[in-house]
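Undergrad: got a sequence here, can you build the structure:
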Amino acid sequence: MPRIFDNIDLPFLPSLEEMLGTAVSADFCVGFFNLRGWNRLGQVVDERFSGQDASRCRLLVGMQSLGEDEVRQVYSLVQEDALDAAKAIQLRKRMAEQFRRQLTIGAPSELDEFNLQRLARQLRSGRLVVRLFLRNSLHAKLYLTHRQDVAAPIVGFVGSSNLTFAGLMKQFELNVDVVEGDAAAKLARWFEDRWNDKWCLDISEELAEIIEASWARPSIIPPYHIYLKIAYHLAQEARAGLSEFRIPKDFGNRLFDYQVAAVKIAAHHLNNDRRKGVVLGDVVGLGKTLMATALARIFEDDLGLETLIICPKNLVEMWEDYVHRYRLRAKVVPITMVAPHTRAGSDGKEERSGGLHDLRRYRLVILDESHNLRNREGSRYRAIQEYISQNECRCILLSATPYNKAYLDLGAQLRLFVPEGHDLGIRPDLLIKDIGEVQFQARHQCPVRSLAAFEKSPYPDDWRELMRLYMVRRTRGFIKENYAHTDEASGRKFLVLENGERTYFPDRIPRTVKFEVDDKAGDPYARLYNTAIVTRINSLNLPRYGLGNYIASTPATPPTQAEAKVLSDLGRAGKRLMGFCRTNLFKRLESSGLAFIQSLERHVLRNYVYLHAIEQGLPIPIGTSDPSMLDSDVFDRDADDTSFAGSIFDDGEDATVPEPPSVREPICSEEAFRERAEKVYDTYASRYKRRFRWLRPELFVGKLGDDLRSDAESICQVLKDHGHWDASKDKKLGKLFELLTTTHASEKVIVFTQFADTVDYLTTELKKLGLKALEGVSGDSENPTRLAWHFSPVSNDKRDLVKPSDELRVLIATDVLSEGQNLQDAHVVVNFDLPWAIIRLIQRAGRVDRIGQKHEQIYCYSFYPMDGVDRIINLRGRVRQRLSENSEVVGADEIFFEDMKVDHRYRDLYNEKAGILDQDDDSEVDLSSQAFQIWKNATDADPSLKAVIEDLPDVVFSAKEHVSEPTRPNGALVYLRTADGNDALAWVNERGDPVTESPLAILRAAACKPDTPSRPKAANHHTIVRSAVQRMVEEDSLSDKSGGQLGRESGARFRTYMRLKAYAEHVKGTLLESEELHRTIEDVYRFPLRQSATDTLNRQLKAGIGDEALSELCIALRDEGRLCFVEDEQEVHEPRIICSLGLVGGTN
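TA: Numbers count the residues shown, from 1 in each chain. Prediction:
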């Protein structure tokens, strides 16, 4: 009686091994052959068969079809062509690819590696011969063992088990043994007939080559190849962009190679329907404006998109020039004009008009200097965000300082076009690792793979991973290292301009200008730097900037709804505004004595405006509540200047409120201030009433008036003692005049200061001293671009428009107004005041250190008191201490004083240390650009590497020597591609514990040279790789995917899903309910829409299609296969190991 093997009561594999152990040869026929399932049988084949004569195992493998392919073959109306040589070659290649793909699935193991290498040896030695049967689909499972046994020379097994581990051991199968002689002989003849068929092809050599080219190869892969494979895959989007897009012919050779690369990479980001936005974040001076223009032209030419350009008002003319020069269909709008006006309609409801609200649809938006859009509560921010959302715009953000004070700055900019709950496909791993997934979900009610989740992370590596999706950023050092040529004679780096001329990278030379501060001679600066004044300013209450602290808890008449909204805004501002105000006073003190005195005067005047309202029982005009208006990095005017009434309630109209002409005269008496305050109040309450929100004084406690009065009296005392500023005794001004007339008497000089008041002061006084060809430019300048052209006509290509007699030699400018301007006709930069963040000094140098700078050296002068830097550092230290004591923070997790731990850098600047202004951190370069450059540099040096690396299959590994350190231990670097197609990297130690998942840190750890020798991998290499992969897969599967996969709420997919869902609920239980409708809804939820479907649905939704018609349309599109990209879910959800690199060696 035959035995039945079902892998339940009787397992199949032990009996097969037993028979094979007594055989002289064997013949197997299977429909599927798992290369890694050969391990148990491979051991017996090694022991029993020599590969000589007939001592071998012959394996016949069928071309197994998918079920739907078989149905198509049987019932297809189209008759397939008969099998011929060409078709056989095609089928053979397809089967080889399937075998190759087998070895890229799952994680490797030491046992699999050993068995696969043995399998390759058996194929080479002839112990195993494999043929592929092509004539028909072959499903038979037959195992024959030929023995030297008279009673049973052939023992066969027939059934359902394929040559896989599951088929032989795990799955419920059904097999029987065939021992009876006649039956066994017939099975042997059947096998011989198939084996000798014309279309049965030997694939033994190919299988051996597949194994020997896989991760299980016997030869060792150089670690340099693994390093390049990591770079190759990390640069996938960069490579795709470079091959996918072309620069319009209008630009000729105007773009440098690094700009071409940036534009094409950015185009790939921008064209991605999951992102629809990119941040061009190259550092100052690398030509972002031209890059953005080229990028917009690509999308105009390829997709017919028109562009809306939103920029600072001082850059409007420059942008209009670019639009005209490069024939861009675009509209330029200053950022001051984006917010709509709000007024009460005839029915009492709020009506909005003007600004972006009335603008027609532009499908592409460029936001220049986007870092200025950091305040989400601002009316301009909301207007831009609403326009982008409503019109489904793609966005290009330009900023050299995308994160000025905190990573939240970046988050705010991305929120302009990325919904906070949108599924990004990645998550803040370091934050999750720090607090755990459960704690994250408990603390933060947001999807873990959303922008909102990243905004909770303080870790730079989390933000780098996020910006890898959206940012293209290169530094000056990166360009010099990777794109510049080297002058053999001088060793200097240069680029080649369109006309063939060389443009060199200059050296930045720090210089110090020391001015005397004499404490004994009545020096005006010495008196203002007096300890008593610093103490007095530190003790101010600043109630106007902390109104939320004075709100009455139970006013006699409760606030109206409108008043409650204003009070809420005041509460949110909290002590943040107080911190800005206090530091700004000291910043102005450092800038110039007159700017400080003017600021004190204005502060007192605004206090008395409030006191006038309180004492007369009049509504209080609430002005600036937007911190950006108090941030000197963003706004160069004094927020207390009564000629400026800007606030987050700014409606874009009447940008300034004229103040009484005598307000700038030195005043210090209470009577004079009260008289002027009354006039200012009357002006606000009449002509400019709409510029403010108004609150009744009874909504505040009486202490508000007391603190306003106390501060005013305290400041008045300072003004009485020091209110008169004598410019003739200003030694700092004298030193500047000497620098401009002696040291650099004939050269162009750009003088930077943080404040418009200092610009006005220096411009006026230097002209009085007889300096010619000089102008000042600030946020108030009517046409700053024209002034930039007159100062730097060559670099702006305006030589023909600017007469030599009209050319400027000296330009005095604020930091804010220098954004985006080409000023490189000059090579001398003067820092009349020192920003409290040293990065601003580096950016100032970058204003003239731009492409096209012809001088070998850029001189950067900084003003310091004669007695050294300690006077400034001590002053700032006292201010920091005051802010800390009073908790006057400048926002959650923000570092307001970026120099808190780098005071030594100001000492280096004072001592003119070389290189202090060359800060260039490669970690600021976006990862995709870094990885692409590694790949490009390697393949340029050795073109043969391109094919070698591209042909390396997944799962490959190597090992290199590594010096272990506590934070950089031995172990393995693992690169995984997740089921969603995202990159995941991990560094694990020798126990498999995680070290870091930072792609940048891992890329750097993998770095090596072409001649770096391979080292034997650690014995547990595959084990720790598997543990790393399992951890990453678990984290990916645990990620909260809800709430983001449908895209933005205004998108076609989201709206279609919500409409169909509501319609299905409405027709439930009626004749209109159908299975097709539910399947269509499921597809829309699970799979992305095809572009043609998106366009069709957008048109129909805008045309007002009804629910029933919409459901019919979607069902029809689904039936035609034109609705969604539906993929095989097994493929979609299978992660892939790209490669791994072992780190082995000693300790340091």
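
Undergrad: may I have the phi/psi pair for residue 606?
TA: Backbone torsions for residue 606, taken as degrees, to the nearest 10, come to phi -70, psi -30.

Undergrad: how far away is it from residue 667?
TA: From residue 606 across to residue 667, the span is 14 Å (Cβ to Cβ, to the nearest Å). Using the backbone N, CA and C atoms, a C-beta is placed for each residue, glycine as well.

Undergrad: what about these two, which has more around it?
TA: residue 606 (23 against 19; other Cβ atoms under 10 Å).

Undergrad: go ahead and confirm the more buried one touches residue 544.
TA: Yes. With contacts counted by Cβ atoms under 8 Å, residue 606 reaches residue 544, the gap being 6.4 Å.

Undergrad: in a strand, residue 157, correct?
TA: Yes. Counting by DSSP: H, G, I helix; E, B strand; the rest coil, residue 157 is located in a strand.

Undergrad: how much space is there between it and residue 137?
TA: For residue 157, the distance to residue 137 equals 21 Å [Cβ to Cβ].

Undergrad: with residue 569 instead?
TA: Residue 569 is 73 Å from residue 137, by Cβ to Cβ.

Undergrad: what about these two, which has more around it?
TA: Higher neighbour count among residue 569 and residue 137: residue 569, with 19 against 14, using other Cβ under 10 Å.

Undergrad: which residues are contacting the one helix or strand the more buried one maps to?
TA: Counting by DSSP states H and E, the element that carries residue 569 is helix 561-573. With contacts defined as Cβ atoms under 8 Å, 6 or more residues apart in numbering, helix 561-573 is touched by 377, 545-548, 551, 559, 622, 625, 627, 648, 693, 695-696, 699.

Undergrad: check these and tell me the two furthest apart.
TA: Within the contacts of helix 561-573, two members stand farthest from each other by Cβ to Cβ: 627 and 696, at 25.2 Å.

Undergrad: who has more neighbours, those two?
TA: Ranked by neighbour count (other Cβ under 10 Å), residue 627 and residue 696 place residue 627 first, with 23 against 18.

Undergrad: would you mind confirming that residue 309 is in contact with residue 335?
TA: No. Applying Cβ under 8 Å, one finds residue 309 not in contact with residue 335, separated by 10.4 Å.

Undergrad: which of those two has more neighbours?
TA: When neighbours are counted by other Cβ under 10 Å, residue 309 and residue 335 differ, and residue 309 comes out ahead with 28 against 23.

Undergrad: ok, the more buried one - contacts?
TA: Contacts of residue 309 by Cβ under 8 Å, 6+ apart are 319, 323, 330-333, 365-366, 368.

Undergrad: out of these, which comes closest to residue 388?
TA: Here the nearest of the contacts of residue 309 to residue 388, counting by Cβ to Cβ, is residue 365; it sits at 5.9 Å.

Undergrad: okay, how far is it across stretch 50-59, tip to tip?
TA: End-to-end distance of stretch 50-59 (Cα to Cα, to the nearest Å): 16 Å.

Undergrad: residue 827 and residue 1070: what is the separation?
TA: Residue 827 is 79 Å from residue 1070, where distance means Cβ to Cβ.

Undergrad: quick one: buried residues of stretch 551-566?
TA: 551-552, 559, 563, 566 (16 or more other Cβ atoms under 10 Å).

Undergrad: between which two of those is the distance greatest?
TA: Using Cβ to Cβ for every pair in the buried residues of stretch 551-566, the one that comes out farthest apart is 552 and 566, at 13.8 Å.

Undergrad: what about residue 319, how many neighbours?
TA: 26.

Undergrad: how about residue 113: what's its closest non-neighbour residue?
TA: Nearest residue to residue 113, sequence neighbours excluded (Cβ to Cβ, 6 or more residues apart in numbering): residue 216, at 4.9 Å.

Undergrad: residues in contact with stretch 766-784: which ones?
TA: Applying Cβ under 8 Å, 6+ apart, the contact partners of stretch 766-784 are 314, 317, 635-637, 727, 733, 736-737, 740-741, 756, 759-760, 762-763, 787-788, 790-791, 807-814, 816-817, 821.

Undergrad: just give me the residue closest to the centre of the protein.
TA: For the chain, the residue nearest the mean C-alpha position is residue 467 (1.4 Å; Cα atoms, centre = their mean).

Undergrad: torsion angles phi and psi at it?
TA: phi -70, psi -20.

Undergrad: residue ranges with poor pLDDT in the stretch 951-1100 of the chain?
TA: 1035-1049 (pLDDT under 70).

Undergrad: what segments of it are helices?
TA: 999-1006, 1021-1038, 1052-1066, 1075-1086, 1091-1102 (DSSP state H, counting those that start in this stretch).

Undergrad: nearest to residue 407, out of these?
TA: Closest approach to residue 407 among those (Cβ to Cβ): helix 999-1006, 15.4 Å.

Undergrad: helices and strands around that closest one, which ones?
TA: Judged by 3 or more Cβ pairs under 8 Å, 6 or more residues apart in numbering; DSSP states H and E, helix 999-1006 is in contact with helix 223-234, helix 460-470, helix 927-941, strand 971-977, strand 983-989.

Undergrad: 10 Å instead, please
TA: For helix 999-1006, the contact count by 3 or more Cβ pairs under 10 Å, 6 or more residues apart in numbering; DSSP states H and E identifies helix 223-234, helix 460-470, helix 927-941, strand 956-961, strand 971-977, strand 983-989, strand 994-996, strand 1136-1144 as packing neighbours.

Undergrad: where along the stretch 551-700 of the chain do the helices fall?
TA: For the stretch 551-700 of the chain, helices defined by DSSP H, counting those that start in this stretch occupy the ranges 561-573, 576-591, 593-616, 670-685.

Undergrad: same thing with the stretch 201-350 of the chain?
TA: 204-213, 223-234, 236-244, 257-271, 288-303, 316-325.

Undergrad: would TSV of the ones you listed with mean pLDDT and distance to residue 87 be doable?
TA: Rendered in TSV, the data for the helices of the stretch 201-350 of the chain read as follows (pLDDT from 0 to 100; distance: least, Cβ to Cβ, whole Å):
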stretch	mean pLDDT	distance to residue 87
helix 204-213	94	17
helix 223-234	96	34
helix 236-244	88	32
helix 257-271	93	38
helix 288-303	95	39
helix 316-325	93	57
